[in-house]
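Chemist: coordinates only, sequence not included:
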């Protein structure tokens with residue numbers, strides 16, 4: 001027996017099993033019937049309904065909404081009445097505003113800022129309680145992350161550093177030759193590499209390689225609900241996943257920075273030697289101009305850059321959405337956010353060093 005509808009004067013009777021398989025044909029007929037009697041008192045008789053599931057209850061509530069006037073239910077069993085009451089309580093109140101399909105710009109920016117602040121606070125708290133959660137750290141995983149972030153990036157750092165030093169020296173030598181100051185190219189390039197270009201270039205490489213890798217890896221875990229599984233088991237994702245990656249990025253930064261500086265100086269020396277200057281004179285200019293404070297300034301910048309890049313990459317991965325595009329969007333967000341953050345932090349360092357006279 002299938003569901004059926006009978007209509008009389010100010011009365012509609014539903015009979016049979018009011019379940020999902022049989023409501024496809026009945027639904028438009030029932031809605032049309034109650035709309036025809038819209039605004040007048042109407043009685044809905046359920047005494048002939050043998051079974052009522054959530055689909056049938058949804059039909060009855062849709063009939064109430066479509067009628068818009070007094071609608072009296074009769075013949076409902078206690079179980080049917082309880083099911084209707086539960087669904088009616090879950091429905092939004094009449095006249096409640098619908099959420100906008102596109103969030104406002106200000107709301108989106110505030111929400112993103114809130115997510116970043118909450119993630120940063122969770123990371124700081126995880127760092128403070130790390131001594132009590134050392135069991136979450138895995139030595140093999142940390143070594144793997146360090147190898148991917150440091151040793152595997154070394155060839156790219158050396159090549160880029162050599163080319164940057166060579167290009168800087170060549171471009172600087174052309175105008176400085178007009179004043180007979182070719183040799184002072186060594187001073188210019190060495191200070192630029194130690195204080196500014198070295199940390200910036202290594203940070204860009206880390207953002208493109210390591211930050212995106214962190215975001216893709218953690219984003220895949222987020223999409224596969226592995227992060228939720230860790231949280232369910234009582235494991236803090238910030239202690240197990242974020243802090244080791246931050247430590248690995250900061251650990252490899254001094255080595256990559258030293259490789260970048262040495263390769264850049266070698267590239268610069270090649271150009272000056274081709275211009276006729278002996279290597280001893282070039283080395284003397286570098287030693288007379290550069291000081292340990294320049295190296296320490298570049299190193300301090302690099303460590304802050306590495307921590308920021310790792311934090312941004314992990315944040316992009318752990319806050320990734322669902323779906324096939326989530327991982328790609330997380331990697332893009334990590335690279336763009338890391339480079340922007342690097343420039344902003346470098347600007348803060350520039351203001352601080354100027355005010356401090358360093």
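Modeler: Here it is on my side, so go on. All figures in this text were calculated on a predicted structure; none of them were measured in a lab.

Chemist: quick check: longest strand of the chain.
Modeler: strand 42-52 (DSSP state E).

Chemist: packing partners for that one?
Modeler: Secondary-structure packing of strand 42-52 (3 or more C-beta pairs under 8 Å, 6 or more residues apart in numbering; DSSP states H and E): strand 11-18, helix 54-67, strand 71-74, helix 78-90. C-beta coordinates here come from the backbone N, C-alpha and C atoms, glycine included.

Chemist: can you say which of those is nearest to residue 110?
Modeler: With C-beta to C-beta as the criterion, residue 110 lies closest to helix 78-90 of the helices and strands packed on strand 42-52, at 29.1 Å.

Chemist: quick check: mean pLDDT of the closest one?
Modeler: For helix 78-90, the mean pLDDT works out to 80.

Chemist: buried residues, the helix or strand following that helix. List them.
Modeler: Per DSSP states H and E, the first helix or strand lying C-terminal to helix 78-90 is helix 105-128. By 16 or more other C-beta atoms under 10 Å, the buried positions in helix 105-128 come out as 119, 122, 123, 126.

Chemist: contacts for the helix or strand harbouring residue 192?
Modeler: Assigned by DSSP H and E, residue 192 belongs to helix 185-192. Helix 185-192 has contacts (C-beta atoms under 8 Å, 6 or more residues apart in numbering) with 165, 168-169, 172-173, 176, 264-265, 268-269, 271-272, 282, 285-286, 288-290, 294.

Chemist: and the helices in the stretch 151-300 of the chain, which stretches?
Modeler: 154-176, 185-192, 198-206, 212-223, 226-232, 237, 243-274, 279-289, 292-318 (DSSP state H, counting those that start in this stretch).

Chemist: now the fourth one against helix 198-206, angle please.
Modeler: To tie it back to what came earlier, the one meant is helix 212-223. Between the axis of helix 212-223 and that of helix 198-206 there is an angle of 40 degrees, by axes from the mean of the first three to the mean of the last three C-alpha atoms, to 10 degrees.

Chemist: distance from the chain centre to the helix or strand containing residue 24, please.
Modeler: Assigned by DSSP H and E, residue 24 falls within helix 23-36. Computed by C-alpha atoms, centre = their mean, to the nearest Å, the chain-centroid distance of helix 23-36 equals 47 Å.

Chemist: what do you get for stretch 168-185?
Modeler: On C-alpha atoms, centre = their mean, the centre of stretch 168-185 falls 45 Å from the chain's centre.

Chemist: what of stretch 309-325?
Modeler: 3 Å.

Chemist: buried deepest among the helices of the stretch 151-300 of the chain, which one?
Modeler: Highest mean neighbour count among the helices of the stretch 151-300 of the chain (mean count of other C-beta atoms under 10 Å): helix 198-206, with a mean of 25.

Chemist: for that one, packing partners?
Modeler: On a contact count with 3+ C-beta pairs under 8 Å, 6+ apart, helix 198-206 meets helix 154-176, helix 243-274, helix 292-318, helix 326-356.

Chemist: and residue 320, helix, strand or coil?
Modeler: coil (DSSP: H, G, I helix; E, B strand; the rest coil).

Chemist: and for the one 4 residues further on?
Modeler: Using three-state DSSP, the structure places residue 324 in coil.

Chemist: one step back: what's the closest of the helices of the stretch 151-300 of the chain to residue 25?
Modeler: Minimum separation from residue 25 across these (C-beta to C-beta) falls at helix 212-223, 39.8 Å.

Chemist: right, I'll leave it there.
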